[in-house]
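S.K.: Dropping a prediction and its sequence here:
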Amino acid sequence: MTAYISAADDAQTAAAVADHPRTVSPDGVHCELLRPGRIDEKLFIVPGLEGDPTELTGLVSALAGPQEVYAVAPLLTDAEHRPLVGMERIAHLMVQAVREHQPSGPYRLGGFSFGGLIALEMAQQLRADGERVEALFLIEAVYDERYWPRGIWLRALARRTYRHLRRIGRMRPTSALTELRLRGVHLIQRVMRRNVEAPDPLRAEMADGVTVGGRARAAISGYRPHFYDGRVTLVASSIDRHFGCDTAQLWTGFTDRLEIERVAGDHVTIMHEPSGAAAVANIIDHQLAAARTGWTGLRPTPVFERPMILTTMRWFSVARLAHALIEAGFSVSACRPKAHVLDVVDGLANDCRLTRLRRMRSLIAAIRQCEPDIILPDDERSLALLRRLHERARTVDPVMAALIARSLGNVEDWTSITSRTALVTDARTLNIPAPATEVIENIDALTEWIADHGLPVVLKTDGSWGGKGVAIIREPSHVRDAWRRISNPPALPRALKRVVVNRETASLAAWVRRTRPVVNAQQFVAGREAIVTVACIDGEVQSLVCLDVVQVSQPRGHAAAVRIIDHPGMAEAARRLVGRFGLSGFCGLDFIVTDSGDAQLLEVNARVTPTCHLLVEGEHECGQTIVLFPPEVVVAGDSANTVSGVLDRPVRAPSLVHRGERIALRQHRPAARMARRIKRKLIPTLD
């Protein structure tokens, strides 16, 4: 989500802030307007240890949403000049200050570091009073280490000790001995106070009691968070530089609706460096926008809130979808092969392995462990695996069979979805334009079909994807060669390549068994490629988006860049087909749009496709060109072609960004370029 702020907007903001100076409540809490809003929606943010609102400047300037933003922080004393001590007391006074600006909910709270603990306690007290807390952002919030889980505490102690020893080893002997003595004393104190409920002696030593920071340290020492029965968005840094542990792990078990968002940087830089502050602001903007009425993104529903993603491929797009679903509040599980991009996705409810030698058994175990309400297949092999499992489970496990049937649509229509010829037949009965398509048994049948329909003609195999199993015949002299290539079992070089590089054995098994694919001849339609991406439940469309394919990853491959369009014909065709087949989850429909603007249906992918996350994230404008992340090398000769547009970079998931950049970098390496050149030369034998 992007917004552009002009100089005039900045001037208006400065004037509005000047008209609302800092206010200090009688109870010793100051509340300062940092940013005026365009709607009646307020966000209250608590700064860190020192309670300095200027610490939030970078964050507030990067916010693009319409919400009004306040900084709220405690002072040293209350109205009766008594010291503010204790997290509960501080939070109570701050709740009163917040109520002066917003008497009733829903409330939106956030806090950085120590401020995150205050925001949590404020939310607890507001909910105890019967108020609704719509959003709670804990930005690098860390509670006292005495209350950390023992395993995390021990590992953190060991990591910090190791770091100190490495640093001491680079010092001069005199300085090293002094530092070693100091760190040794602190280490003994940390170990001795682990199970002591009295105020932290180390914190008390550092807290002078007459500064806001000192009082904050004392409050942290005596505060142990308790379970919060609400949704929490935890913004955690990607680099452990200060605490010896991943701060996100500390909050496991404190709420059953914890959403973890990562920001590149450490505990300090995510708020003090522009890039970190902008990433945190993007998270807040997105979460608040998703909670507003009229949000176009997909939301969890009682029958679609615990999806399990099933994938046999290592595609990046499914990790992109998983992150978007988790961010939207879905409880997402995964069943996937080892070394998948899903490794770096935070917040998976369950992460199960799909073993290659025992796929069926591992899938059954994953379903029983995850207990999903829907299964989302990511590729054609996942579809086939689920259909085989349904056949096995119909008599021995009716509940599992019913789950699979609901996930994949009407059981009796599975063959129609899989068969390109049957799909076209069904589409035409629904008055959906589609090119003439027919199953071809042999070369004579193909020759006869060409005589009736003419050239060019497209040959497609059932069950293929990503442009594989497709051949376009434009000249009569190419008919026999094309038929031989597409109707034979996979070539041995290709089968071996997929075993070694992709670690997939299906092609080699097909070569050994001499399994021939089902080939369809389809009338060629001139025009541009387009797709409809759909989210649906039990045959009812929940959300869809129509897209022009601006660029593909390879000839006849999947989309690399798309443009959002409004095409009522494609949208209506999608609704009819989804209803006809009773589809659930996500699916994609491929079209060709002719020069006259008419759309001809080519195929239906009853599974996750690379653009499904767009439906979850929402807020995409018609006419916008989106370059899917990671940007792929589109080869013409051996040079990369690029398309101008918005790079769909998952800025709220730095681990995904890092992995995607590594994937994109590999495409530019000499070995990858050489492999592409060799593949182009061997296309007649590999395809």
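M.R.: Looks like it came in fine. Numbers count the residues shown, from 1 in each chain.
S.K.: can you list the domains in this protein?
M.R.: 7-144+224-291, 148-199, 307-406, 436-524 (automatic domain parsing).
S.K.: So Ala405 is in contact with Val411, correct?
M.R.: Yes. Taking contacts as Cβ atoms under 8 Å, Ala405 lies within contact range of Val411: 5.2 Å. All C-beta atoms are positioned from the backbone trio N, CA, C, and that covers glycine.
S.K.: that's a strand at Gly579, yeah?
M.R.: No. Read with DSSP: H, G, I helix; E, B strand; the rest coil, Gly579 is helix and lies in no strand.
S.K.: what are the phi and psi angles of Val593?
M.R.: phi -100, psi 120 (degrees, to the nearest 10).
S.K.: Same question for the one 3 residues further on.
M.R.: Recorded main-chain torsions at Ser596 are phi -80, psi -10, according to degrees, to the nearest 10.
S.K.: go on, Leu75?
M.R.: With angles defined as degrees, to the nearest 10, Leu75 sits at phi -100, psi -170.
S.K.: and it, what is it in contact with?
M.R.: By Cβ atoms under 8 Å, 6 or more residues apart in numbering, the contact list for Leu75 reads 24, 28-30, 51, 84, 212.
S.K.: helix, strand or coil for Ala141?
M.R.: coil.
S.K.: returning to that earlier point: so between Ala405 and Val411, which is more surrounded?
M.R.: Neighbours per residue (other Cβ atoms under 10 Å) separate Ala405 from Val411, with Ala405 holding more: 20 against 16.
S.K.: The more buried one - that's part of a helix, no?
M.R.: Yes. Assessed by three-state DSSP, Ala405 belongs to a helix.
S.K.: so who does it touch?
M.R.: Ala405 touches 390, 411, counting by Cβ under 8 Å, 6+ apart.
S.K.: give me the element the residue lying closest to Thr269 once chain neighbours are set aside is part of.
M.R.: Ranked by Cβ to Cβ, 6 or more residues apart in numbering and with sequence neighbours excluded, the top spatial neighbour of Thr269 is Gly276, at 5.1 Å. Using DSSP states H and E, Gly276 falls within helix 274-291.
S.K.: isn't the residue nearest to Thr269 right up against Asn282?
M.R.: No. Between Gly276 and Asn282 there is no contact under Cβ under 8 Å: 10.7 Å.
S.K.: Which one's more surrounded, those two?
M.R.: With neighbours defined as other Cβ under 10 Å, Gly276 and Asn282 compare such that Gly276 has more, 24 against 20.
S.K.: do you know how far that one is from Gly111?
M.R.: 16 Å (Cβ to Cβ, to the nearest Å).
S.K.: Could I get the full set of strands for the stretch 251-400 of the chain?
M.R.: 257-263, 307-310, 333-336, 350-353, 374-377 (DSSP state E, counting those that start in this stretch).
S.K.: average pLDDT for the last one?
M.R.: Right, strand 374-377. Averaged over strand 374-377, pLDDT sits at 97.
S.K.: Partner strands of it, with direction?
M.R.: strand 307-310 (parallel) (DSSP bridges).
S.K.: What pLDDT does the model give Asp129?
M.R.: 94.
S.K.: Mind checking the strands of the stretch 251-400 of the chain for the one nearest to Val98?
M.R.: Smallest distance to Val98 across those (Cβ to Cβ): 22.3 Å, for strand 257-263.
S.K.: So which elements touch the closest one?
M.R.: Packing contacts for strand 257-263, counted by 3 or more Cβ pairs under 8 Å, 6 or more residues apart in numbering; DSSP states H and E, involve strand 231-237, helix 274-291, helix 316-327, helix 654-668.
S.K.: For Thr421, find the nearest of these.
M.R.: Using Cβ to Cβ, the nearest of those to Thr421 is helix 316-327, at 28.1 Å.
S.K.: Which residues does the closest one contact?
M.R.: 259, 261, 286-287, 298, 307, 309, 311, 332, 334, 336, 340-342, 344-348, 378, 586, 608-613, 616-617, 628-630, 650, 652-653, 656, 659-660, 663.
S.K.: again, only using 6 Å
M.R.: Outside helix 316-327, the residues that touch it by Cβ atoms under 6 Å, 6 or more residues apart in numbering are 309, 311, 332, 341-342, 345, 347, 378, 608, 610, 612-613, 616-617, 653.
S.K.: before we move on, the earlier item: now, which of the contacts of Leu75 sits nearest Pro36?
M.R.: Pro36 has its nearest neighbour among these in His30, at 18.0 Å by Cβ to Cβ.
S.K.: Can you report how many residues lie near that closest one?
M.R.: So His30, with other Cβ under 10 Å, has 17 neighbours.
S.K.: Look up how far Ala97 lies from it.
M.R.: Counting by Cβ to Cβ - His30 and Ala97 are separated by 8 Å.
S.K.: now Arg528
M.R.: 58 Å.
S.K.: Compare the two and say which is more crowded by neighbours.
M.R.: More neighbours surround Ala97 than the other of Arg528 and Ala97, with 23 against 12 (other Cβ under 10 Å).
S.K.: Could you find the closest non-adjacent residue to that one?
M.R.: Among residues not flanking Ala97 along the chain, Val29 sits closest, at 4.0 Å (Cβ to Cβ, 6+ apart).
S.K.: show me the contacts for that neighbour.
M.R.: 74, 93-94, 97.
S.K.: mind running it again at 8 Å?
M.R.: 72-75, 93-94, 96-97.
S.K.: Next: Trp414.
M.R.: So, once contact is read as Cβ under 8 Å, 6+ apart, Trp414 ends up touching 387, 408.
S.K.: Kindly recompute the last result at 10 Å.
M.R.: By Cβ atoms under 10 Å, 6 or more residues apart in numbering, the contact list for Trp414 reads 383, 386-387, 390, 405, 408, 581, 606.
S.K.: Let me have the residues you listed in TSV, extended by distance to Ala322 and pLDDT.
M.R.: Output for the contacts of Trp414, formatted as TSV (distance: Cβ to Cβ, whole Å; pLDDT from 0 to 100):
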residue	distance to Ala322	pLDDT
Leu383	18	93
Leu386	18	96
Arg387	23	94
His390	24	96
Ala405	23	96
Leu408	19	95
Phe581	25	96
Ala606	19	94
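S.K.: out of the residues you listed, which one sits closest to Ala573?
M.R.: The closest of the contacts of Trp414, once distances to Ala573 are taken by Cβ to Cβ, is Phe581, at 12.5 Å.
S.K.: Just give me the neighbour total for the closest one.
M.R.: Count around Phe581 with other Cβ under 10 Å applied: 23.
S.K.: wouldn't it be in contact with Ala422 here?
M.R.: No. Contact between Phe581 and Ala422 fails when scored by Cβ atoms under 10 Å: they sit 11.2 Å apart.
S.K.: Common neighbours of those two, please.
M.R.: 413, 416.
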